[in-house]
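Asks: the amino acid sequence is not available; the structure is as follows:
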């Protein structure tokens, strides 16, 4: 199967998601600076989700580059990930327009948790197709960040009903944790080449 | 002619369709969990249509990969398929917002039927260009699923006026039937390589 | 310069234009078949514009494939063409919602005329870069269809104020005339290879 | 790392931005020519922003083509640039709908200034990765246009509160200044090949 077409399709979907999300930033009625004020939470949520989608694109880029073969299971695991990522513009708009409400803040965590699980399924499907002793499996290793993130999202969901700032803080922390690109695969490959 | 550009254009259109469909999930007014309730049918219809577009992308991926040559007829048969797929966001929104109405449920079947016919025309155009004894023609073989699907869609259209749940069930069954990726072409090619 | 990136960018823009145009087909309020009735002119205009954008993609595909080199002038001539094509969703929506009004019908012709002129400029820029005796220049030849189309659009503009059906007929005729893919370049190249 | 996927993703995002911007040109209510009148400032702002995004795509095209290697810093510098470019449809809509208001005109300059700074960061990250004596670093040279543009944007921001036509004029001048494609890198590479 053709890996490059899977990459191109995924890039297309993520590029469109990251871009149509900006449509939630509706042009305000007034022309004063104060007209932008109600947009501040929408803007900040947009920044957060933009970073998240950027992280997913980045990690997806590394993961698929390390993959040598694709099969039907991987194709559908990839579409499953894209499905949950496609919920990001919706939940970004809902949380952005209701920044102090617990339910949208919790549902943001639910979407992020399901996307993280979908990424883990995709990664597992690729590892299973390449074998447990493959270069890719070694490169992923213990996958600490990949295991901590779902736990943090899962804790952010109930915390949103205590104080939504705690959940928001967790979302920012997970994003910052991932902003460092996934150098494991890169370095592993570089090491092997030596 | 350049097959890769046809693939890239089709991927682009399908990626955009699968993504703008999510715009039908309008951000709700309220911030309570109950505000999501009226969105449940829209969400479920979105899931169904997402799976359908994923199936089309998947099968299109296999079909074009097996094709060795492209001509003008194939280009237009491909655009014709993309045209009917471009109706999916519209009909998804209409059926999602009117989950218990017979007409949108029937029109969903009409769009799916026309897309299936368009796919069949595209496949036939590619086979005709490669010859009846080509590897591709052998790989497609009797094409049982491709022949049953239009019949099922055609039966779902009148059934929507009896009980729309019967049509919905048929749409889900056809989707599940196709979720197994089109291994025929793959296995045929693998066999030939041995 | 990298021709494939110009092709990819153009494909992306045309794929998005052809797809967001469908957003003009707003989901109707009612769930009866009669709710689709006011959408019929929008749908028919959508079909027409879909075919036009398909034709542009198709001819653009052939033109750039025949091009061997790209320069800055060609890049901007290409962006200029994409600009006028980006007006197609707007004018499709306006004409579709006002099917019997002369001004939108005339402005549809203006947009099509400007897009045709932009295509002609792009073609001329590519020919100029390859030389008057290049394979490409010979392949384009007298370019009869490329010269007739602007004349037909130009005549459709004033005719819209006489009877908009005359303009609509002209738009359909030009589309049908182009539906035959641009075999000139193809056949020329095939001949040369022999 | 895979440079072509970074190019494809960036092309995708810029292609979508340049296209969804046209959605700000909402189909007018009336069918008279006068119905288009209030759209004139939106149209002109669209033209300006289309040219700006075209310039960014063009220069980005040259910059990445000259780059031989990509690293994590470059990936994120690129996403940072795409983030500010994703603000262009919003600010185009706001300035287009309020053509004589100082705040939107000034904020247009702010977005353009931040995008220019983001481009400069991306360029610096690529140069840093290739070394100060690389072909790329030599090709960029003194980068006069890249240094003047932010100064002009920065001056247009306060001038919007004096007279917004002064700022508009500056925006047009910067666009015209860049319309000449970035021949430095091209000519440098051509010279080296000789």
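Replies: Structure's in. What do you need? Note that this is a predicted model, so its numbers are computed, not measured.

Asks: what about the helices in chain A?
Replies: A:3-20, A:40-66, A:72-85, A:88-97, A:102-130, A:135-140, A:144-162, A:164-179, A:183-193 (DSSP state H).

Asks: do you know which of the ones you listed lies nearest residue D:119?
Replies: Closest of the helices of chain A to residue D:119 is helix A:40-66, at 17.1 Å (criterion: Cβ to Cβ). In short, each C-beta sits where N, CA and C put it, glycine included.

Asks: now the angle from that closest one to helix D:72-85?
Replies: 140 degrees (axes from the mean of the first three to the mean of the last three Cα atoms, to 10 degrees).

Asks: quick one: helix A:40-66 near chain D?
Replies: Yes: using Cβ under 8 Å from any Cβ of the partner chain, we find that helix A:40-66 touches chain D at A:47, A:50, A:54, A:57-58, A:61, A:65.

Asks: next one: stretch A:73-93
Replies: No: judged by Cβ under 8 Å from any Cβ, stretch A:73-93 makes no contact with chain D; its nearest approach is 12.3 Å.

Asks: that stretch near chain B anywhere?
Replies: Yes: interface with chain B: stretch A:73-93 contributes A:75-76, A:79, A:82-83, A:86-87, A:89-90, A:93 (Cβ under 8 Å from any Cβ).

Asks: could you dump those residues to JSON lines with pLDDT?
Replies: As requested, the residues of stretch A:73-93 next to chain B are exported to JSON lines (pLDDT from 0 to 100):
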{"residue": "A:75", "pLDDT": "89"}
{"residue": "A:76", "pLDDT": "90"}
{"residue": "A:79", "pLDDT": "94"}
{"residue": "A:82", "pLDDT": "97"}
{"residue": "A:83", "pLDDT": "97"}
{"residue": "A:86", "pLDDT": "96"}
{"residue": "A:87", "pLDDT": "96"}
{"residue": "A:89", "pLDDT": "95"}
{"residue": "A:90", "pLDDT": "95"}
{"residue": "A:93", "pLDDT": "93"}
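
Asks: which one of those is nearest to residue A:38?
Replies: Nearest member of the residues of stretch A:73-93 next to chain B to residue A:38, counting by Cβ to Cβ, is residue A:93, at 13.5 Å.

Asks: OK, contacts around the closest one?
Replies: A:21, A:24, A:42, B:27 (Cβ atoms under 8 Å, 6 or more residues apart in numbering or on different chains).

Asks: only whichever of the residues you listed are buried, select them in PyMOL.
Replies: Typed into PyMOL, the line below selects the buried ones among the contacts of residue A:93, using 16 or more other Cβ atoms under 10 Å in any protein chain shown:
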select buried, (chain A and resi 21+24+42) or (chain B and resi 27)
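
Asks: what residues does chain A put near chain D?
Replies: A:7-8, A:11-12, A:14-16, A:18-20, A:22-23, A:25, A:27-28, A:31-33, A:35-36, A:47, A:50, A:54, A:57-58, A:61, A:65, A:179-181, A:183, A:186.

Asks: if you set the cut-off to 7 Å instead, what comes out?
Replies: A:7-8, A:11-12, A:15-16, A:18-20, A:22-23, A:25, A:27-28, A:31-33, A:50, A:54, A:57-58, A:61, A:65, A:181, A:183 (Cβ under 7 Å from any Cβ of the partner chain).

Asks: now the buried members of those.
Replies: In those, the ones that pass as buried (16+ other Cβ under 10 Å) are A:7-8, A:11-12, A:15-16, A:18-20, A:22, A:25, A:27-28, A:31, A:50, A:54, A:57-58, A:61, A:65, A:181.

Asks: is residue A:104 in contact with residue A:94, as I believe?
Replies: Yes: look at residue A:104 against residue A:94 with Cβ atoms under 7 Å: they come within range, at 4.5 Å.
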